[in-house]
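Chemist: This is a predicted model, with the sequence first.
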Amino acid sequence: MAFFTDIEREAIWLSLKVSTVGVGVSLPFGVLLAVAFARRDFPGKRLVEGMVYLPLVLPPVVTGYALLLLLGRQGVIGAWLYEAFGITLVFRWTGAAVASAVMGFPLLVRAVRLSLDAIDRRLERAARTLGAGGARVFFTITLPLALPGILAGTILSFGRSLGEFGATITFVSNIPGETRTLPLAIFAYTQVPGGDAAAMRLVAISVCLSLAALVGSEWLNRRAARRIDGF
Amino acid sequence: MRVSRRRLGIFCVACWLLAAPAARADDLLVFAAASLTNALDDAAHAFEAQSGDKIAISYASSSALAKQIENGAPADIFISADLDWMDYVEKKGLVKSGTRADLVGNKLVLIAPVLAQDSVTIAPGFPLASLLVNGRLAMADPDAVPAGKYGKAALQKLGVWDSVANRIARAEDVRAALRFVSRGEAPLGIVYQTDAAAEKLVKIVGYFPAGSYPPIIYPIAALTAGPHRDAATFIAYLRSPEARQFFTRQGFSAVE
């Protein structure tokens, strides 16, 4: 493709990779947590909820700094990950995926939780009276009914991941081809005298990608509302 | 008339918020490179005590400040961490003619976490890549941020840039590079002498030879956008021997 320069292609590809992996890996956990929040009461529930939603309201640079302290090679968890599994996150694209996953996670959990709350519990109870076990009810009734919310949450957190800047640059720095995603590439261009034109191109690309994620999420939201009304 | 107490409270807060910036309009507004933070604060306090003028300083990377000035920020004085960004502002016609001067200089050093790494002799072809073992070299973005550009120039001159070019942890500014080293995430980093002096968790393991990078100069100038008459007085003060002690104490060097 001659339309994009090498640097642009690299940043787009990296952004998509980081966001896809980040959201993909966090999706099962997000659904699990949303189910726990919607359907269970357990000690410390408020605290866990607070922790999950915290990145939504914290300055991203704080989240990034916390990640550096916890998951860096010298960090509490990071040192253990390296000793036990040889995993390094800091200065790696995997670290960028972790940062964007953490930032997108609250949006994912929230969307899934809202769609779980909207489900008519009588449908689940009816299934139970007909002899279905807990797992069967979850996979054949609850999950399909929550699917629009899960999809919407996925796209929303994907969009959030695409835009992640503060936590990423603080945690994994700005390495071309490794951690320089679209927002970081834009930032890098704005730092160079005369880099404005290149920055504007990336801004346009970024707007298009984010808009696509947003429109997708809106569309799924509407579909979800229609589907739930249908019952 | 019924005005609830709550509404009155909101109204008062709104008034205060609106009035607050106005009260500061008389301050002399200085845009300064982040690496000047401690020294310039001290100098500004001393000047305030003498003159009775109020000085507000906004610290950020030189690039961000230059763009803000270009877009109409009402700053009186700009102090850049390199010549390029001052040239950029000057070319846009935003510098008051005849006010530009070189304020202070700085030196480039190689740092390591305080408990690691012995001294390194920095000379042409020194084994930087093997000193990193499997870690990364922390430095400000070598394509954009002044500290990184100087570092890249030095490493190129010493003939070791190619061996480490893909092992750089690019930080958004020099203080972020400092943080990667002080946290022990990067075994080595390149920062200014003044940054190394400000952080107890790192130590200087080597000085880059003076000729290996362009002179590091912080230019200062009054801006056309600034409404304040006393900008020239403050610039003169900062360049005086009296103010120089605040800068040399933090590791800045004098420039002629």
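Modeler: Okay, I see it. Residues are numbered from 1 along each chain as shown, chains lettered A, B, ... in the order given.
Chemist: show me where pLDDT drops low in the stretch 51-200 of chain B?
Modeler: B:117 (pLDDT under 70).
Chemist: Residue numbers of it in contact with chain A?
Modeler: By Cβ under 8 Å from any Cβ of the partner chain, the part of the stretch 51-200 of chain B that sits against chain A consists of B:61, B:63-64, B:66-67, B:84-85, B:88, B:136, B:138, B:141, B:143-145, B:168-172, B:176, B:179-180, B:183-186. No exception for glycine: its C-beta is placed from N, CA and C like everyone else's.
Chemist: List the residues that contact the closest residue to A:V137 other than its chain neighbours.
Modeler: Closest residue to A:V137 apart from its sequence neighbours, by Cβ to Cβ, 6 or more residues apart in numbering or on different chains: A:A127 at 4.8 Å. The neighbours of A:A127, taking Cβ atoms under 8 Å, 6 or more residues apart in numbering or on different chains as the test, are A:136-137, A:140-141.
Chemist: Kindly recompute the last result at 10 Å.
Modeler: A:133, A:136-138, A:140-142 (Cβ atoms under 10 Å, 6 or more residues apart in numbering or on different chains).
Chemist: swap in B:I69?
Modeler: Applying Cβ under 10 Å, 6+ apart, the residues near B:I69 are B:31, B:75, B:78, B:80, B:85, B:88-89, B:92, B:94-95, B:223-226.
Chemist: From chain A, how far off is it?
Modeler: Note on B:I69: its distance to chain A, by Cβ to the nearest Cβ, to the nearest Å, is 13 Å.
Chemist: so which strand or helix has that residue?
Modeler: In this structure, B:I69 sits in helix B:62-70 according to DSSP states H and E.
Chemist: Check the secondary structure at whatever residue of the stretch 1-150 of chain B ends up closest to chain A for me.
Modeler: Residue nearest to chain A within the stretch 1-150 of chain B: B:A144 (3.5 Å; Cβ to the nearest Cβ). Per DSSP: H, G, I helix; E, B strand; the rest coil, the secondary structure class of B:A144 is coil.
Chemist: and whichever helix or strand A:V18 is part of with chain B, contact?
Modeler: Assigned by DSSP H and E, A:V18 falls within helix A:6-39. No: judged by Cβ under 10 Å from any Cβ of the partner chain, helix A:6-39 stays clear of chain B, getting no closer than 10.8 Å.
Chemist: list the helices and strands that helix packs on?
Modeler: If you count contacts as 3 or more Cβ pairs under 10 Å, 6 or more residues apart in numbering or on different chains; DSSP states H and E, helix A:6-39 packs onto helix A:45-57, helix A:93-117, helix A:143-162, helix A:182-190, helix A:196-230.
Chemist: Go through those helices and name the closest to chain B.
Modeler: Across the helices and strands packed on helix A:6-39, chain B has its closest neighbour in helix A:182-190 (5.9 Å, Cβ to the nearest Cβ).
Chemist: Identify each of the helices in the stretch 151-256 of chain B and give its residue range.
Modeler: Ranges of helices in the stretch 151-256 of chain B, per DSSP state H, counting those that start in this stretch, are B:161-164, B:174-182, B:193-198, B:231-238, B:241-249.
Chemist: got a markdown table for those helices, with mean neighbour count too?
Modeler: Converted to a markdown table, the helices of the stretch 151-256 of chain B look like this (neighbours: other Cβ atoms under 10 Å in any protein chain shown):
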| stretch | mean neighbour count |
| --- | --- |
| helix B:161-164 | 15 |
| helix B:174-182 | 26 |
| helix B:193-198 | 22 |
| helix B:231-238 | 19 |
| helix B:241-249 | 16 |
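Chemist: So which of those is nearest B:I216?
Modeler: Ranking those by proximity to B:I216 (Cβ to Cβ) places helix B:193-198 first, at 9.4 Å.
Chemist: That closest one packs against which elements?
Modeler: Counting contacts by 3+ Cβ pairs under 10 Å, 6+ apart, the secondary-structure elements packed against helix B:193-198 are helix B:37-51, strand B:101-106, strand B:108-113, helix B:174-182, strand B:188-192, strand B:202-207, helix B:241-249.
Chemist: Could you say which one of those comes nearest to B:L155?
Modeler: Nearest to B:L155, of the helices and strands packed on helix B:193-198 and by Cβ to Cβ, is strand B:188-192 at 8.0 Å.
Chemist: Who does that closest one pair with, and is each partner parallel or antiparallel?
Modeler: Strands that pair with strand B:188-192, judged by DSSP bridges, come out as strand B:108-113 (antiparallel), strand B:137-140 (parallel).
Chemist: orientation of it relative to strand B:202-207 in degrees?
Modeler: Here the directions of strand B:188-192 and strand B:202-207 differ by 80 degrees (axes from the mean of the first three to the mean of the last three Cα atoms, to 10 degrees).
Chemist: got a pLDDT number for B:V13?
Modeler: The score at B:V13 is 54. That number is its pLDDT.
Chemist: If you could redo that for B:Q250, that was the one I meant.
Modeler: 89.
Chemist: number of nearby residues for it?
Modeler: For B:Q250, the neighbour count with other Cβ atoms under 10 Å in any protein chain shown is 22.
Chemist: Just give the closest residue to it, not the sequence neighbours.
Modeler: Once flanking residues are discounted, B:Q250 sits nearest to B:A39: 4.2 Å by Cβ to Cβ, 6+ apart.
Chemist: I figured that neighbour was touching B:T248, is that so?
Modeler: Yes: counting by Cβ atoms under 10 Å, B:A39 touches B:T248, with 8.6 Å between them.
Chemist: what's the overlap in contacts for these two?
Modeler: Residues touching both B:A39 and B:T248 (Cβ under 10 Å, 6+ apart) are B:V104.
Chemist: residues touching the residue of chain A found nearest chain B, list them.
Modeler: Nearest to chain B, among the residues of chain A, is A:Q191, at 3.5 Å (Cβ to the nearest Cβ). Residues near A:Q191 by Cβ under 10 Å, 6+ apart: A:174, A:199, B:61-64, B:66-67, B:85, B:140-141, B:143-146, B:148, B:172-173.
Chemist: so what's the residue nearest to B:Q250 up against?
Modeler: Counted by Cβ under 10 Å, 6+ apart, B:A39 has contacts B:32, B:104, B:194, B:198, B:238, B:243-252.
Chemist: which one of those is nearest chain A?
Modeler: For those, the nearest to chain A is B:A32 (17.0 Å; Cβ to the nearest Cβ).
Chemist: Look up phi and psi at the closest one.
Modeler: phi -130, psi 150 (degrees, to the nearest 10).
Chemist: what's the burial count for it?
Modeler: Neighbour tally, B:A32, other Cβ under 10 Å: 26.
Chemist: Now for it: which residues touch it?
Modeler: B:39-41, B:44, B:57-60, B:62, B:65, B:75, B:77-81, B:103, B:218, B:220.
Chemist: how close does the closest residue to B:G72 other than its chain neighbours sit to B:T37?
Modeler: Leaving aside its chain neighbours, B:G72 sits nearest to B:A225 (6.6 Å; criterion: Cβ to Cβ, 6+ apart). In this view, B:A225 and B:T37 are 23 Å apart by Cβ to Cβ, to the nearest Å.
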